[in-house]
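Please find the sequence and the predicted model below.
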Amino acid sequence: MAHSHPILPISPGGVRIERVVTSGVFELDGGSWEVDNNVWVIGDDNECFVIDAAHEPVTILSVVGDRHVLGILCTHGHNDHINAVPELVSHTGAAAYLHPADRVLWDQTQEAAPDAELADGQTFAVGDVELRVLHTPGHAPGACCFHVPALDVLFSGDTLFNGGPGATGRSFSDFPTIIDSIRDDLLTLHDRTIVLTGHGDATSIGAEKPHVQEWLDRGH
């Protein structure tokens with residue numbers, strides 16, 4: 001699949017964000033679903049990070065090109081977000097990062113351990129911008145988001161979508177926990193912050209903030 005053009009303002013140092021939509025199967029609790037995933041590549045002309053290596057390693061690598069991959073950052077351990085990790089690690093030599101609380105999910109589908117751990121408050125730098133790790137459990141125990149203050153961007157994985165929180169009706173997920181994560185760690189960001197999700201369309205903190213009570217009333 002062709003990737004989109006950069007969708008956000010480029011930093012003064014030339015850091016841009018590119019979206020790659022890949023397709024495959026999500027499997028958990030004995031079920032399987034056809035899904036389209038958003039893979040995000042953030043970097044400049046020389047180096048980049050890949051956020052969520054999903055389904056199609058060749059497609060992702062075509063967007064990376066000849067850039068140095070600084071790391072593969074996994075928002076969580078569901079198979080549809082990590083099933084291209086081994087091939088990307090093999091081709092790029094980059095480390096794959098996962099929060100240790102999500103090893104329970106990672107180990108269901110991956111033979112090798114992740115290369116490194118994510119921790120709340122940890123930072124990564126590419127070009128002239130910094131990504132900050134926010135541990136936001138609920139959809140998965142080790143779910144993380146990545147905030148880029150310089151670009152007013154949040155990579156939310158499956159924690160927050162356009163229209164509400166990620167699913168919590170499966171193993172290792174919890175609705176009150178995801179609400180707490182969103183309310184305490186995400187909705188405290190600037191309203192103008194663009195939310196780049198793991199599936200589907202982007203949203204913003206300002207667009208989602210008024211709807212917390214609706215999410216609580218519907219219970220998902």
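On my side now, so go ahead. Fair warning: this is a prediction, and the values are worked out from it, not measured in the lab.

Nearest residue to the residue positioned nearest the centre of the chain in space, ignoring adjacent ones along the chain?
Nearest to the geometric centre of the chain sits residue 157, at 3.4 Å (CA atoms, centre = their mean). Among residues not flanking residue 157 along the chain, residue 75 sits closest, at 2.7 Å (CB to CB, 6 or more residues apart in numbering). Backbone N, C-alpha and C define where each C-beta goes, glycine included.

again with residue 176
Residue 176's closest residue in space is residue 138 (CB to CB, 6+ apart), at 8.0 Å.

For residue 125, which non-adjacent residue is closest in space?
Excluding the flanking residues, the one nearest residue 125 by CB to CB, 6+ apart is residue 131, at 7.7 Å.

What degree of burial does the one you found show, as a neighbour count?
Look at residue 131: counted by other CB atoms under 10 Å, it has 24 neighbours.

quick one: it and residue 53, what's the gap?
Separation of residue 131 from residue 53 (CB to CB, to the nearest Å) stands at 16 Å.

do residue 197 as well
The spacing between residue 197 and residue 53, counted by CB to CB, is 16 Å.

Mind listing the residues bridging to the residue nearest to the centre of the chain?
residue 197 (DSSP bridges).

Next up, the contacts around it.
Contacts for residue 157 (CB atoms under 8 Å, 6 or more residues apart in numbering) come out as 52, 75-76, 81, 139, 143-145, 166, 197-198.

swap the cut-off to 10 Å and go again
Contact analysis of residue 157 by CB atoms under 10 Å, 6 or more residues apart in numbering lists 38, 40, 51-52, 73-76, 78, 81, 136, 139-140, 143-146, 166, 196-199.

Residue 197 and residue 53 - which one has more neighbours?
residue 53 (28 against 23).

just checking, that one touches residue 97?
No: taking contacts as CB atoms under 10 Å, residue 53 lies outside contact range of residue 97: 11.0 Å.

Helix, strand or coil: sort out the residue nearest to residue 125 for me.
Three-state assignment for residue 131 (DSSP: H, G, I helix; E, B strand; the rest coil): strand.
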